[in-house]
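> Following is a predicted model, sequence given first.
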Amino acid sequence: MKKAFITGATGFIGLNLIELLLQDQWEVTALHLPGEDLTYLSRYQVSLAPGNILDYPSLQAALSEDHDVVFHLAGDTTTWKKHADRQFDINVNGTINMCKAAHEKKVSRFVLTSSSSAYGIHKERLSESTVSNALETGISYHKTKYLSEVELKKFVDNGLDAVIVNPCNLIGPYDVRNWSQLIINVCKGKMPGYPPGGGTFAHVRDIAKAHMAAAEKGKTGENYLLGGIEAPFKAVIDDILRITGSPLSLKPISKTKLRLAMGLSSVQAAFSGKEPLLTYPKYRRLVETLRCDSSKAKQALGFSTTPIPVMITDCYQWLKAENFV
């Protein structure tokens, strides 16, 4: 029986990956922060390992030579520059610690969950050959995901058998902070309109399957972009309106209005001390169109994508079952 060690086990991708691994008869050790909410993780038959990717001794204690694969999913996705130092620590230094521990324990395979954001922002469709401009975007998340890959590849050069997966936009169960916010806002009648950008969307379970395939088939040191279906935000929101039965009548939101909203959010945050509703990274995400070529992952990993209405339906049904809407 194969044994997996997972960081970020209480997160969106982590919980979906655990579900699939258990279905495939893996033994799973789930790293979690001491005192972290284990409401969802406790539903699964896994070995719980308290620890912190910034606390190296805790990783040494939790990870063993018996683990076949480390899935390193833990990360900080904040878009608020106030937390940039924390984000660097978690995304970069935390990855260094996990690579060091896995290398020390001679784990057979290491899968790093990075992001399409590691490539930065481009007008053309992303591929693995796209030269990253993440350090020039002014966005901490882009910078830290790129630098985490740089650090991992140093360990690869020293013998760590690791691969990198780069998901784009994910929709599905166990999401309460990401694109599920579109569904939640529609259901609460708080959707202000259609933003002008677009994205590439995948069902989180398709991404979880790709993680498992990367562990088995991925080539050492290689990146695999996990895109999905390209769609403007208007089309995605129209699907949400239809699936949820919402009576909202929405209109396009211009870039100008979004910039004004971003400025207002910044002013409010300066007085309240709370994270702005619309940060600069969120603004860029809403006005840009992320397109991604997944042909490498399709060929090498068998990556496939679920239609957007199915992603939305699965997410919506989960949100209802958990009383978020």
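Right, received. Where do you want to start? Quick caveat: nothing in here was measured; it's all calculated off a predicted structure. Numbering: from 1, shown residues only.
> Need the three-state assignment for Leu21.
helix (DSSP: H, G, I helix; E, B strand; the rest coil).
> wait, it sits on Met1?
No. The criterion here is CB atoms under 8 Å, and Leu21 misses it with Met1 at 10.8 Å. (Glycine included, C-beta is placed from N, CA and C.)
> The two: who's more crowded?
Leu21 (24 against 7; other CB atoms under 10 Å).
> List the contacts of the residue nearest to Asp175 when sequence neighbours are not counted.
Of all residues not flanking Asp175 in the chain, Phe12 sits nearest, at 4.9 Å (CB to CB, 6 or more residues apart in numbering). With contact set as CB atoms under 8 Å, 6 or more residues apart in numbering, Phe12 has these partners: Leu170, Gly172, Tyr174, Asp175, Arg177, Asn178, Val204.
> Tell me where the model's unsure across the stretch 51-200 of the chain.
By pLDDT under 70, the stretch 51-200 of the chain has no low-scoring segment.
> any idea how far the residue nearest to Asp175 is from Tyr44?
Noted for Phe12: a distance of 15 Å to Tyr44, by CB to CB, to the nearest Å.
> Also Lys234?
Distance of Lys234 to Tyr44, given as CB to CB: 37 Å.
> ok, now Lys123?
Lys123 sits 41 Å away from Tyr44, going by CB to CB.
> Could you check which of those two has the larger neighbour count?
Neighbours were counted for Lys123 and for Tyr44 using other CB under 10 Å; Tyr44 has more, 16 against 7.
> What segments of the chain are helices?
Ranges of helices in the chain, per DSSP state H, are 12-23, 56-62, 84-88, 94-104, 140-157, 180-187, 204-217, 233-244, 255-272, 280-287, 295-301, 308-321.
> any chance of these in TSV, with distance to Gly35 too?
Shown next, in TSV, are those (distance: least, CB to CB, whole Å):
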stretch	distance to Gly35
helix 12-23	17
helix 56-62	13
helix 84-88	17
helix 94-104	18
helix 140-157	25
helix 180-187	25
helix 204-217	26
helix 233-244	35
helix 255-272	26
helix 280-287	29
helix 295-301	36
helix 308-321	25
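> Out of those helices, which gets nearest to Ser116?
Closest to Ser116 of these is helix 140-157 (CB to CB; 8.9 Å).
> how many neighbours does the closest residue to Asn158 other than its chain neighbours have?
What sits nearest to Asn158 in space, not counting adjacent residues and going by CB to CB, 6+ apart, is His103, at 7.1 Å. Neighbour count for His103, taken as other CB under 10 Å: 17.
> Would you mind listing the residues in contact with His103?
Taking CB under 8 Å, 6+ apart, we find His103 in contact with Phe155, Asn158, Gly159, Leu160.
> Check Leu112 too.
His72, Thr95, Ser148, Glu149, Leu152, Ala162, Val163, Ile164, Val165.
> hmm, try it at 7 Å
His72, Thr95, Leu152, Ala162, Ile164 (CB atoms under 7 Å, 6 or more residues apart in numbering).
> Give the buried subset of those residues as a PyMOL selection command.
Selection of buried members from the contacts of Leu112 for PyMOL, criterion 16 or more other CB atoms under 10 Å:
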select buried, resi 72+95+152+162+164
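> Can you add distance to Lys217 and give the contacts of Leu112 back as JSON lines?
JSON lines is the format used below for these (distance: CB to CB, whole Å):
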{"residue": "His72", "distance to Lys217": "18"}
{"residue": "Thr95", "distance to Lys217": "22"}
{"residue": "Leu152", "distance to Lys217": "18"}
{"residue": "Ala162", "distance to Lys217": "14"}
{"residue": "Ile164", "distance to Lys217": "14"}
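> which one among the contacts of Leu112 gets closest to Pro281?
Thr95 (19.9 Å).
> thinking again about what came up before, quick one: which of the contacts of Phe12 has the most company?
Using other CB under 10 Å as the neighbour test, those are led by Gly172, with 27 neighbours.
> Can you list the buried residues in stretch 49-57?
Ala49, Gly51, Asn52, Ile53, Asp55, Tyr56.
> got a list of contacts for it?
Residues contacting stretch 49-57 (CB under 7 Å, 6+ apart): 7, 29-34, 58-59, 62, 74, 89-90, 93-94, 97-98, 101.
> Also stretch 65-73?
Contacts of stretch 65-73 (CB under 7 Å, 6+ apart): 2-8, 11, 13-14, 17, 29, 95, 98, 102, 105-113, 211, 215.
> From those, keep the buried residues only.
In those, burial by neighbour count holds for 2-8, 11, 13-14, 17, 29, 95, 98, 102, 105, 107, 109-113, 211, 215, counting by 16+ other CB under 10 Å.
> Now do the contacts for Lys219.
Val163.
> do you know how far it is from Tyr119?
Using CB to CB, we find Lys219 at a distance of 19 Å from Tyr119.
> before we move on, what about Val131?
Noted for Val131: a distance of 8 Å to Tyr119, by CB to CB.
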